[in-house]
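> Here is a sequence together with a model predicted from it:
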Amino acid sequence: MSRLHISGTRRRVAIATTASAVLVGVGLGSTPAAQGADSSECPEALPLSALTAGDPVVGKTVTTGTAPEGFGGTVIGVLEDGIAPGTDMILADLDSSTIDRVGIWSGMSGSPVYAADGRLVGAVSYSLGVGPSTIAGITPAESMYALRTSSAVQRSARTKVALPASLERAVAATGATGTTMKRLRVPVGLSGLSSTRLEQLAPALNGRGVHVADVAGGPTSQEPIDVTAGGNLAASLAYGTITAAGVGTATAVCGDEVLGFGHPMTFSGPSTMSLHGARATHIQDDQTVSGFKVANLGAPIGTIDGDRMAGLHGVKGALPTAYPLTATATSGGVTKQASTDVTVQGLLAEMGFSNLIAAQDQAIDRIGQGTATAGWTIRGTRKNGTPFSFTRQDLYADQGDISVATAIGLAEDLFTIQENPGEVVKITSVESSAELSDVYETYVVSKVQAYQSGAWRTLSSSKTNKLKAGKVAMKILLTSREGDPRTLTTSVTVPSKAVSRPGWLTVTGGNAGSYDSEEFFFYEDEAFDEFPAPSEDTFPGVLKDMAAGPKNNEVEATLKFRASGTAGKEQAVTAATPDRVVSGFRQYRVVGTR
């Protein structure tokens, strides 16, 4: 049964002063401001039982810059359990020049709404249906203040909820259309990448839970920007060259504690995101969903330690642990660097990928084919606290996007280390570098010859090839569309106990089967889920396996007979080209002979 009487009359509230002015002189009540805090920043919560349909409300939010502006509105009613079981949603019709133009926009998430006596009603967190709307869903202040206690319960917040018939009629009386309240989006603004690159990579990052905005976010400033009630509040997963942050509004600032958004950002519960103030540049119109705020972040000033159903909880002061990513890229004598601090361990692969691309794109100044020599060192700690490091140096080539090709390799190594089945490890830093060229040149494994009975014989891919017991010299012939062919020499050993035993000789280019840019973009929405699972059970085994794999410019020949004991053990040998990636493979049926 609804707690409120529903009013069908739309009442606009003229705003002669800002909402903050309305709050001057507000006393303390059952939910007091933090000791020493400004009561206008952390006012008493208004109980839902004190609300009546038709009550006027005022609020504040930022459209440009950092100074909050006022808005007005009228309470429509309450949707019981509208946000989650046990948490009701307050509905209000809001009014300001910007709201009338673009509707309730995403950056309004957390905008405080006050009663006429200055008590906090709650935070704007939902909007009506699809497209611009002035109807807001408000998270009650009592639920948000509960985030300040350690007893805050993790519950599932609804992303959308249908209106009952009584509230549908009340909403329709305001002139609005729609029957569903939807949680406001908090798209992640991603800086450090061009708009073209941002559009390319959005599906991959969205697939990992980072819902990228349609436009690039601004960079992180070195200047701190304070956070105040009704002011901009940013929660950042990473900051620096690559800044990945959601921007909303602070609902209340109680001493060093900050409450905002009125709904989850990532819904992680405990959080390690960094807390920032921000300077809004504009509200981006979106006629299909709702507008959203574009802003430049200030320097980090604290930690978002809670990301829960009723919103974000943060503390000014100490910053979360940041894991530095550095990348240096050189092309044609031009060197560019990228440096990003990541505060969420689970996004190191995605942010390492993006950070390396940012440096490479600036150095090569285009998107397209090329070759590169790239490498990285990944450092971290094992579960017992002992340090580890892993270093890779390799050649890369790609016909579509050389920057993506190298960055995929880094992301795969980061993913493999983090997802190893042996133990939980923590990556503490990543240093990467790349030297890029516009030229695309590769080799392909074409055919294989074995030295038998005093002559070089080309192995057949359709017949069984006889290999004499003992050391067998081999030539691996490589062809290239872009240049001259090349021949590599190596040898394998046929065990004496493999005589008359069938087997397989497989010759594979180091780059064969690698995840290139074409495949990345084809499977982009699942790109980071397509990396192969680690093949070893222990973390040291995983690192050893990663280091042992053939490099992209190497060719690996493996020989295995169907035999018992050492005769049936697989042997592998490699040969390398000094300057090009090798792809392709050949497989041959063989039998041991005397």
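Sure, I can see it. Numbers count the residues shown, from 1 in each chain.
> correct me, but S143 touches T87?
Yes: S143 lies in contact with T87 (C-beta atoms under 8 Å); the separation is 5.2 Å. Glycine gets a C-beta too; all of them are placed from N, C-alpha and C.
> quick one: the strands in the stretch 1-150 of the chain?
Ranges of strands in the stretch 1-150 of the chain, per DSSP state E, counting those that start in this stretch, are 56-61, 69-84, 87-95, 112-114, 120-128, 135-140.
> now the stretch 201-350 of the chain
Secondary structure of the stretch 201-350 of the chain (DSSP E, counting those that start in this stretch): strands at 220-224, 232-240, 244-254, 257-260, 269-284, 292-308, 311-316, 323-331, 334-342.
> ok, of the ones you listed, where does mean pLDDT dip lowest?
Lowest mean pLDDT within the strands of the stretch 201-350 of the chain: strand 220-224, at a mean of 88.
> Can you give the domain ranges for the chain?
Split into domains by automatic domain parsing, the chain comes to 19-183, 189-316, 323-437, 442-514+552-593.
> returning to what we had before: name the residues contacting each of S143 and T87.
Common neighbours of S143 and T87, using C-beta atoms under 8 Å, 6 or more residues apart in numbering, are M309, A310.
> higher neighbour count, these two?
Between S143 and T87, counted using other C-beta atoms under 10 Å, the more crowded position is S143 (24 against 20).
> Just the endpoints, please. Distance across stretch 77-92?
One end of stretch 77-92 sits 7 Å from the other (C-alpha to C-alpha, to the nearest Å).
> just stretch 277-297 next, same as before
In stretch 277-297, first residue to last residue: 6 Å (C-alpha to C-alpha).
> So that it lines up with my notes, have the first residue be 185 from now on.
Sounds good: first residue 185 from here, last item stretch 461-481.
> Q521 - how many residues pack around it?
Neighbours of Q521 (other C-beta under 10 Å): 15.
> can you check the one 4 residues further on too?
A total of 22 residues lie near D525 under the criterion other C-beta under 10 Å.
> residue ranges with poor pLDDT in the protein?
Within the chain, the segments meeting pLDDT under 70 span 185-222, 313-315, 334-365, 391-395, 397-403, 469-476, 706-714, 719.
> where do the helices sit along it?
With DSSP state H as the criterion, the chain has helices at 203-206, 281-286, 325-329, 349-356, 379-390, 532-548, 586-602, 701-706, 723-732.
> tell me the angle of the fifth one relative to helix 586-602?
Orientation check (axes from the mean of the first three to the mean of the last three C-alpha atoms, to 10 degrees): helix 379-390 against helix 586-602 gives 20 degrees.
> residues of helix 379-390 that come out buried?
R381, L382, Q384, L385, A386, A388, L389 (16 or more other C-beta atoms under 10 Å).
> What helices and strands are in contact with that helix?
helix 532-548 (3 or more C-beta pairs under 8 Å, 6 or more residues apart in numbering; DSSP states H and E).
> and G694, how many residues sit next to it?
For G694, the neighbour count with other C-beta under 10 Å is 22.
> Go ahead and confirm it touches N737.
Yes: the pair formed by G694 and N737 meets the contact definition of C-beta under 8 Å, at 6.2 Å.
> Next, format the strands of the stretch 185-334 of the chain as CSV and append distance to V431.
Listed next are those as CSV, based on distance: least, C-beta to C-beta, whole Å:
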stretch, distance to V431
strand 240-245, 12
strand 253-268, 16
strand 271-279, 19
strand 296-298, 16
strand 304-312, 14
strand 319-324, 18
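> do you know which of the ones you listed lies nearest T425?
strand 240-245 (29.4 Å; C-beta to C-beta).
> Can you tell me the strand partners of the closest one and which way each runs?
strand 253-268 (antiparallel), strand 296-298 (antiparallel) (DSSP bridges).
> L232: which of the ones you listed is closest?
Using C-beta to C-beta, the nearest of these to L232 is strand 253-268, at 6.3 Å.
> Just the buried positions in the closest one, please.
Buried, per 16+ other C-beta under 10 Å, within strand 253-268: 253-264, 266-268.
> what angle separates that strand from strand 304-312?
Put simply, strand 253-268 runs at 80 degrees to strand 304-312, going by the same axes, to 10 degrees.
> Please state the offset of strand 253-268 from the chain centre?
32 Å (C-alpha atoms, centre = their mean, to the nearest Å).
> Stretch 657-670 now?
For stretch 657-670, the separation from the chain centroid amounts to 41 Å (computed by C-alpha atoms, centre = their mean).
> Need the distance between the two termini of it.
First-to-last residue span, stretch 657-670, C-alpha to C-alpha: 17 Å.
> Please apply the same query to stretch 241-256.
End-to-end distance of stretch 241-256 (C-alpha to C-alpha): 6 Å.
> And it, how far out from the chain middle?
30 Å.
> tell me which residues of it are tucked away?
The neighbour-count check on stretch 241-256 (16+ other C-beta under 10 Å) flags 241-247, 250, 252-256 as buried.
> now, the most widely separated pair of these?
Largest pairwise distance in the buried residues of stretch 241-256, by C-beta to C-beta, is 23.2 Å, between V241 and T250.
> Kindly indicate which of the buried residues of strand 253-268 lies nearest L459.
E253 (22.4 Å).
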